[in-house]
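Colleague: Quick check, what structure comes out for this input:
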Amino acid sequence: MFKKSNQKLNISIVSLLLGIFIVDSLSDHHHENMVSDEILIHASPAQVWQLVVAFDPISQKESYWLFNIGMPSPMVTTVSEHKLGANRKCIFSNGYIFDEKIVKFDVNENLVFDIIDQPKDPEIMGHIDIKRGQFMLKDSGNGTTTLIGNSWYNLHV
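Modeller: Now for the predicted structure:
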């Protein structure tokens with residue numbers, strides 16, 4: 001008798017877990033995440049700022065392991081104007097283009113841009129929506145600048 005009752009309990013738990021899995025997989029998830037990174041650069045904030053807003057095509061071969069196994073890397077960024085509200089484009093090694101709009105423009109200190117349009121690649125981009133990017137420059141006072149990069153995204157897994 002104890003064995004039959006235990007079997008019913010197991011079936012009930014499996015059914016409950018299956019139901020939760022189905023409901024969760026059909027539900028919309030709106031969890032925004034943020035990733036941040038920082039680097040110390042041996043240059044003044046004014047020198048760094050010019051390359052944060054836009055930069056010419058990178059000719060140096062990428063050495064970071066993720067880019068070496070096929071992940072696209074940024075190659076060039078263009079900007080329509082150096083001011084608030086300007087349009088930016090970030091172009092990646094595989095031809096992906098991210099259209100951006102500058103929403104905060106504090107010269108030599110803080111650049112924030114919203115992602116207006118991004119590639120719809122089913123392999124990578126169908127699972128992630130990049131929402132916003134930010135570059136903050138902190139003057140170290142000794143001829144160096146700490147550059148902090150933040151990205152906000154939604155992950156669909």
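Colleague: Can you classify the spatially most central residue of the chain by secondary structure?
Modeller: In the chain, the residue lying closest to the centroid (Cα atoms, centre = their mean) is residue 151, at 4.3 Å. Here residue 151 is recorded as strand under DSSP: H, G, I helix; E, B strand; the rest coil.
Colleague: show me what contacts it?
Modeller: 34, 35, 36, 130, 132, 133, 134 (Cβ atoms under 8 Å, 6 or more residues apart in numbering). (Each C-beta comes from the backbone N, C-alpha and C, glycine too.)
Colleague: which of those sit farthest apart?
Modeller: By the measure Cβ to Cβ, 36 and 130 form the most distant pair in those, at 14.1 Å.
Colleague: Looking at these two, which has the bigger crowd around it?
Modeller: residue 130 (17 against 10; other Cβ atoms under 10 Å).
Colleague: pLDDT weak spots in this protein?
Modeller: Residues of the chain meeting the criterion pLDDT under 70: 1-12, 16, 21, 23-30, 121-127, 156-157.
Colleague: Please name the bridge partners of the residue nearest to the centre of the chain.
Modeller: The bridge-partner assignment for residue 151, based on DSSP bridges, gives residue 35, residue 133.
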